[in-house]
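K.L.:
The sequence and its predicted three-dimensional model are supplied below.
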Amino acid sequence: MFKYVILFFLVSTIGLVSLKVSHSFFTSSASSQQNVFSVSDVFPTMSSSPTITINPSITNLPTPTSSIEPTTSLIITPSLSPTPAVAHHIVISEVQIAGSATTQDFVELYNPTNSLIDLSGWKLRKRISTGTESSLVVITAGKSVSAHGFFLWSNNSSGYNITVGADVSNGNTLASDNSVILLMPNDTVVDKVAWGNGTNQFVESTAFSPNPTANQGIERKAYINSTTTTMNVGGSDELKGNGFDSDNNPFDFVLRSSSQPQNSTSSTESP
Ligand SMILES: [Ca+2]
Ligand SMILES: [Ca+2]
């Protein structure tokens, strides 16, 4: 019996020592007098798939353009159609086709330029209502029209040319539905005016209407806004010349109730 007690004691002792040794080997911590070491009882796991970051490359960047678009644009405002002002050439300024007698006819010219113009060989020609053309007058050599001055042709029946002081005259006549053209000696067209309703008229745009009656005058305006009233005696444009020419007979002329023939001795007029 005592042997079994001893044996049990030995076995128990060995077991405790073994347990102590095992615990010493596998404890998660151990200590010494001055240092403390710790180990984990869980082994760190190593990532099997480490993440590798690759800086992405940038490709296909848009190519900057070298040109710089203008931020402002040049705006050119087109001017309205220029207002025809005073003509730069001699114009037919007034016409009468009948006075107290049907032969009391005249054509007045006006020089809106600043220079005297020699009229030698210049021509006035007419077309009657049927379109038949003939000479009204060929201005004789030595005749001229001063700057801003006038020049007058008239019929000479019964001394009408003396009455109006015509610079040139003859027996030719004008009538309703006629037209007149002013030509340089080389037949360069200078001006035209028609009235009424004739055939193949010398005309700018359309004919002036109506036909003037006895002692009335078809008179060229001084300005674009001139009217019969302003062009009449006492009107604001009476002494402003007759230089407005837009090549449009009905627009460029007004009908004067009483004509006013002017000649080379009349006072000059300027707009
Ligand atoms: Ca004209
Ligand atoms: Ca006149």
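P.N.:
Yes, it's here. Ligands and ions are numbered 1, 2, ... in the order given.

K.L.:
Let me know the average pLDDT across stretch 134-146.
P.N.:
Over the span of stretch 134-146, the pLDDT mean works out to 98.

K.L.:
and it, which residues are buried?
P.N.:
Buried residues in stretch 134-146, counting neighbours by 16 or more other CB atoms under 10 Å, are found at 136, 137, 138, 139, 144, 145. (Glycine included, C-beta is placed from N, CA and C.)

K.L.:
what does stretch 238-254 give?
P.N.:
If you call a residue buried by 16+ other CB under 10 Å, then stretch 238-254 has these buried ones: 240, 241, 242, 243, 244, 245, 246, 249, 251, 252, 253, 254.

K.L.:
Likewise for stretch 157-177?
P.N.:
Taking 16+ other CB under 10 Å as the basis for neighbour counts, the residues of stretch 157-177 that come out buried are 157, 160-161, 164, 166-170, 172-177.

K.L.:
Domain map for this protein?
P.N.:
2-38, 91-256 (automatic domain parsing).

K.L.:
wait, which of these is closest to ligand 2?
P.N.:
For ligand 2, the closest of these is domain 91-256, at 3.9 Å, according to CB to the ion.

K.L.:
returning to that earlier point: what is the nearest of the buried residues of stretch 157-177 to residue 191?
P.N.:
When the buried residues of stretch 157-177 are ranked by distance to residue 191 (CB to CB), residue 174 comes first, at 15.6 Å.

K.L.:
Check whether the helix or strand hosting residue 109 comes near ligand 1.
P.N.:
Under the criterion DSSP states H and E, the helix or strand holding residue 109 is strand 106-110. No - applying CB under 5 Å from the ion, one finds strand 106-110 separated from ligand 1 by no less than 11.6 Å.

K.L.:
and that strand, what does it pack onto?
P.N.:
For strand 106-110, the elements it packs on are strand 91-96, strand 150-155, judged by 3 or more CB pairs under 8 Å, 6 or more residues apart in numbering; DSSP states H and E.
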